[in-house]
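*Asks:* no sequence on hand, only this structure:
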């Protein structure tokens, strides 16, 4: 069982696998928003551990460019080995700059004339989706928009991926920054988040502490079921879970309990 399974589950399961309730069901879309001061990367490692533990195929699209070796090293530290087979664990790191190399191993987000084009990335993802229950992670949608790609085009791209995922009865997870959701006019990230939530089935919201980061608490996470037939855990923003990142795990506890972990 991974560190979030006990606190954020996706309904009861008849499976004997201890990670069975850690992942959304087939055809689901989980949106994870975070802020720069409290990144939500730890939630992805939880989902990856659960998928690998269940021997489910994974397609990880690393838009942030954090690197496969870094991903592998953190998983190893958490006690999980990344599958060696590309058919089981497919890592895609799109090129974020214009390229004329048609033999490039990774899809490019811009064509040879410098115009943005997300079709090659979509085609690569769609070609890898073959097995039911495949976990597809689009990590770093904010980074695409920071390159100057319009919000509506990014949303259109996510909708296309979501449609392919649902058709194959797979699982989609998307991540993006959404700092200061209740403050002033909406940023491009917040506009995209609002659009994604209209069709998503669940939302995990990771935020920093209002009082700032402390030694015992690194941030808060709330969970919001969005589908009428969903049975995932609901954790309201008014009573979020708090967490602390440690070397080999993440400690999760109720707000205000400090060192009294659940």
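*Replies:* The structure has been received and is ready for your questions. This structure is a prediction, so every number in the text was calculated from the model and none was measured.
*Asks:* when you work out contacts or count neighbours from here on, use the C-alpha atoms and nothing else.
*Replies:* Will do.
*Asks:* what's in contact with stretch 217-224?
*Replies:* Stretch 217-224 is touched from outside by 8, 38, 202-209, 213, 233-237, 239-245, 258, with contacts defined as Cα atoms under 8 Å, 6 or more residues apart in numbering.
*Asks:* which of those fall in strands?
*Replies:* Of these, the ones assigned to strands by DSSP state E are 202-207, 241-245.
*Asks:* out of the contacts of stretch 217-224, which end up buried?
*Replies:* 8, 38, 202-208, 233-235, 240-244 (16 or more other Cα atoms under 10 Å).
*Asks:* the strands in the stretch 151-262 of the chain, which residues?
*Replies:* The residue ranges that make up the strands of the stretch 151-262 of the chain, judged by DSSP state E, counting those that start in this stretch, are 171-177, 202-207, 219-225, 241-245, 250-254.
*Asks:* what's the angle between the second one and strand 171-177?
*Replies:* Read that as strand 202-207. Per axes from the mean of the first three to the mean of the last three Cα atoms, to 10 degrees, the angle that strand 202-207 makes with strand 171-177 is 30 degrees.
*Asks:* distance between stretch 27-39 and the chain's centre?
*Replies:* 6 Å (Cα atoms, centre = their mean, to the nearest Å).
*Asks:* ok, stretch 239-259 next?
*Replies:* The gap between where stretch 239-259 is centred and where its chain is centred comes out at 19 Å by Cα atoms, centre = their mean.
*Asks:* any idea of the mean pLDDT in it?
*Replies:* If you average the pLDDT over stretch 239-259, you get 85.
*Asks:* one more: stretch 3-21?
*Replies:* According to the model, stretch 3-21 has a mean pLDDT of 73.
*Asks:* could you tell me the end-to-end distance of that stretch?
*Replies:* In terms of Cα to Cα, to the nearest Å, the two terminal residues of stretch 3-21 are separated by 12 Å.
*Asks:* and what of stretch 127-138?
*Replies:* Stretch 127-138 has an end-to-end distance of 15 Å (Cα to Cα).
*Asks:* what residues sit buried inside it?
*Replies:* For stretch 127-138, the neighbour count (16+ other Cα under 10 Å) marks 128-129, 132-138 as buried.
*Asks:* try stretch 59-72
*Replies:* Per 16+ other Cα under 10 Å, stretch 59-72 contains these buried residues: 59-64.
*Asks:* what does stretch 189-201 give?
*Replies:* 189-190, 192-193, 196, 199-201.
*Asks:* is it possible to export the residues you listed to a markdown table including distance to residue 250?
*Replies:* What follows is those, written out as a markdown table (distance: Cα to Cα, whole Å):
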| residue | distance to residue 250 |
| --- | --- |
| 189 | 27 |
| 190 | 27 |
| 192 | 29 |
| 193 | 26 |
| 196 | 27 |
| 199 | 30 |
| 200 | 26 |
| 201 | 25 |
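*Asks:* at which residues are the helices of the protein located?
*Replies:* With DSSP state H as the definition, the chain shows helices at residue ranges 41-53, 68-77, 119-128, 141-146, 151-167, 188-197.
*Asks:* what angle separates the longest one from helix 188-197?
*Replies:* For the pair helix 151-167 and helix 188-197, the angle between their directions (the same axes, to 10 degrees) equals 30 degrees.
*Asks:* other SSEs contacting helix 151-167?
*Replies:* Using 3 or more Cα pairs under 8 Å, 6 or more residues apart in numbering; DSSP states H and E as the contact criterion, the neighbours of helix 151-167 among helices and strands are helix 119-128, helix 141-146, strand 171-177, helix 188-197.
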